[in-house]
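1. Sequence first, predicted coordinates after that:
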Amino acid sequence: MSKLLEADLSYKIRGCFYSVFNKYGPGLKEIIYQKALEEEFNKQKIKFHSQKRINIYSLDSGKLLGTYIPDFIVEEKIIVELKANSYLTQIDINQQRSYLRANMYEIAYLVNFGVNKLEIKRSIFTNDRKPFIRVNPSPSIRGNLSSFTLMEILVVISLLIIIAIIVLIALNPSGQINKNNDSKRKHELTQLNKVFEDYYNDKNCYPKPNEVCYNSDGNTTCNICGNESTSPSISPYLSHLPCDPQQPTKKYLYQVDSTICPTWYRIYGTLSNLTDPIIAEVGCQNGCGLSPNFIYNYGVSSPNIGLEINSNMCSLAGSLYINPNCNICGSYTTCKNDFPNKVYYTDPGNCVIACIKD
């Protein structure tokens, strides 16, 4: 009798399937089971990739046709595809086998959590039976670099390093990271805005601080971050509460008028790009948030209230220092010396004064 392929790993993976099913039961959304299975894999110290692209090859020529994205690749050996349907169809099973036949993995599990009795289909297609390997047993498919000389490998590595340096310089990674972080912030606060309105429509109150904050201590202000261990869940309205991408350096602030049944709310965040026009659009160009610090520059609120903005702005009181003549003071330094009791909001490099305040 032949030995079961990857028997120990297969046993552990099946155990994870049943553990998740026993905890959560049938009928939830597929994404819930995916997140739960990630937790179980981590708990069992099983290495995995989620949503990893794998290559699909032509069965005739062996050429690359495209990619396939399964739910999990476990230990770089086994494909796992999840379903949450009323039953597994033969099409589902055939599709899994077809993908397995055209890539380098030999084992795949198709798991359906949508039924009262967990369905697990295990498929095996060993590489020695795959047509694309026989017609194109190339190093690119088998991952074997032995046919290349050491010099060729070093040349390729050197070229890749040069290309990487050029790309890094051209793309300005720090600026790109800030841009991505800000996009995430704006998306997540807009998402919370919609979710909290759904919550209000159901309960006639907005979420209380202890229902969305990880550090709620009975006050009407607190911070939201679903990655913190003490964060509550607001499911089914949202499966996972968001978190500022630079937490804990930057945090999402939640403010309400009551800890019992809030009738309004504000959520504040801090964008990295201070020139983003949306900052002025929401009225936070001079800061917004809790008085007197106003340390935030972006936010959303319930329809019945606006953001708390810094209204302590000075108005233009005179023309002490104006481009291009700098006509009264003559220079920024002279201006400061002649009027030491005034506060200047200015760009001395361009002789521009924004406002003067006594």
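-> Structure received.
2. for the stretch 51-200 of the chain, what spans make up the helices?
-> 90-101, 131-135, 139-142, 150-171, 173-203 (DSSP state H, counting those that start in this stretch).
3. Present those helices as a markdown table; the columns should include mean pLDDT.
-> Shown next, in a markdown table, are those (pLDDT from 0 to 100):
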| stretch | mean pLDDT |
| --- | --- |
| helix 90-101 | 88 |
| helix 131-135 | 61 |
| helix 139-142 | 46 |
| helix 150-171 | 77 |
| helix 173-203 | 90 |
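4. deepest of the ones you listed, which one?
-> helix 131-135 (a mean of 17; mean count of other Cβ atoms under 10 Å). Heads up, the C-betas are built off the backbone N, CA and C, glycines and all.
5. And stretch 54-62, how far out from the chain middle?
-> Stretch 54-62 has its C-alpha centroid displaced from the chain centroid by 32 Å (Cα atoms, centre = their mean, to the nearest Å).
6. nope, stretch 166-186 is what I meant
-> With Cα atoms, centre = their mean, you get 14 Å for stretch 166-186.
7. now stretch 293-310
-> Here stretch 293-310 is found 24 Å from its chain centre; the criterion is Cα atoms, centre = their mean.
8. what residue ranges in the stretch 1-150 of the chain score low on pLDDT?
-> 1-3, 132-150 (pLDDT under 70).
9. if you set the cut-off to 50 instead, what comes out?
-> Scanning the stretch 1-150 of the chain for pLDDT under 50 picks out 1-2, 135, 139-148.
10. Could I get the full set of strands for it?
-> 48-50, 54-57, 64-68, 72-74, 78-83, 107-112, 119-124 (DSSP state E, counting those that start in this stretch).
11. of all these, which lies closest to Y33?
-> Each of these has some distance to Y33 by Cβ to Cβ; the shortest is strand 78-83, at 5.6 Å.
12. And that closest one, what does it pack against?
-> Counting contacts by 3 or more Cβ pairs under 8 Å, 6 or more residues apart in numbering; DSSP states H and E, strand 78-83 is packed against helix 7-24, helix 30-43, strand 72-74, helix 90-101, strand 107-112.
13. Compare the ones you listed and report which one is nearest to L189.
-> helix 30-43 (21.4 Å).
14. which residues touch the closest one?
-> By Cβ atoms under 8 Å, 6 or more residues apart in numbering, the residues outside helix 30-43 that reach it are 16-17, 19-20, 23-24, 47-48, 50, 71-72, 74, 80, 82-84, 113, 239-240.
15. And for stretch 78-98?
-> Here stretch 78-98 makes contact (Cβ under 8 Å, 6+ apart) with 6, 9-10, 13, 27-30, 33-34, 37, 48, 54, 70-74, 99-100, 105, 107-115, 119, 121, 123, 125.
16. same check, this time on stretch 62-76
-> Under Cβ under 8 Å, 6+ apart, the answer for stretch 62-76 is 9, 13, 34, 37, 41, 46-58, 79-82, 99, 102-103, 105, 108, 132-133, 135-136, 138, 141.
17. could you dump the strands of the stretch 1-150 of the chain to TSV with distance to L274 and mean neighbour count?
-> Output for the strands of the stretch 1-150 of the chain, formatted as TSV (distance: least, Cβ to Cβ, whole Å; neighbours: other Cβ atoms under 10 Å):
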stretch	distance to L274	mean neighbour count
strand 48-50	35	16
strand 54-57	42	18
strand 64-68	39	13
strand 72-74	41	22
strand 78-83	43	21
strand 107-112	48	22
strand 119-124	53	16
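18. Now render those strands as TSV, adding distance to S233.
-> Converted to TSV, the strands of the stretch 1-150 of the chain look like this (distance: least, Cβ to Cβ, whole Å):
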stretch	distance to S233
strand 48-50	21
strand 54-57	33
strand 64-68	32
strand 72-74	23
strand 78-83	21
strand 107-112	24
strand 119-124	28
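19. Relative to N201, which of these is closest?
-> strand 78-83 (31.4 Å).
20. What is the distance between the closest one and the centre of its chain?
-> 23 Å.
21. Each with direction, which strands does that strand pair with?
-> When pairs are called by DSSP bridges, strand 78-83 turns out to pair with strand 72-74 (antiparallel), strand 107-112 (parallel).
22. of all those, which lies closest to T190?
-> Here strand 72-74 is closest among those (Cβ to Cβ), at 30.1 Å.
23. ok now that closest one, how far from the chain's centre?
-> Strand 72-74 sits 20 Å away from the centroid of its parent chain (Cα atoms, centre = their mean).
24. helix, strand or coil for V300?
-> The local conformation at V300, judged by DSSP: H, G, I helix; E, B strand; the rest coil, is strand.
25. related to what we said a few turns ago, kindly reformat the strands paired with strand 78-83 as TSV containing distance to V156.
-> Shown next, in TSV, are those (distance: least, Cβ to Cβ, whole Å):
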stretch	distance to V156
strand 72-74	26
strand 107-112	32
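26. V167: which of these is closest?
-> Nearest of the strands paired with strand 78-83 (Cβ to Cβ): strand 72-74, 26.8 Å.
27. which ones are touching the residue nearest to P245 when sequence neighbours are not counted?
-> Setting aside the residues directly before and after it, P245 is nearest to N181 in space (Cβ to Cβ, 6 or more residues apart in numbering), at 4.4 Å. Neighbouring residues of N181 by Cβ under 8 Å, 6+ apart: 245-246, 272.
28. Just the buried ones from the residues you listed, in ChimeraX syntax?
-> Here is the ChimeraX command that picks out the buried ones among the contacts of N181, judged by 16 or more other Cβ atoms under 10 Å:
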select :245,272
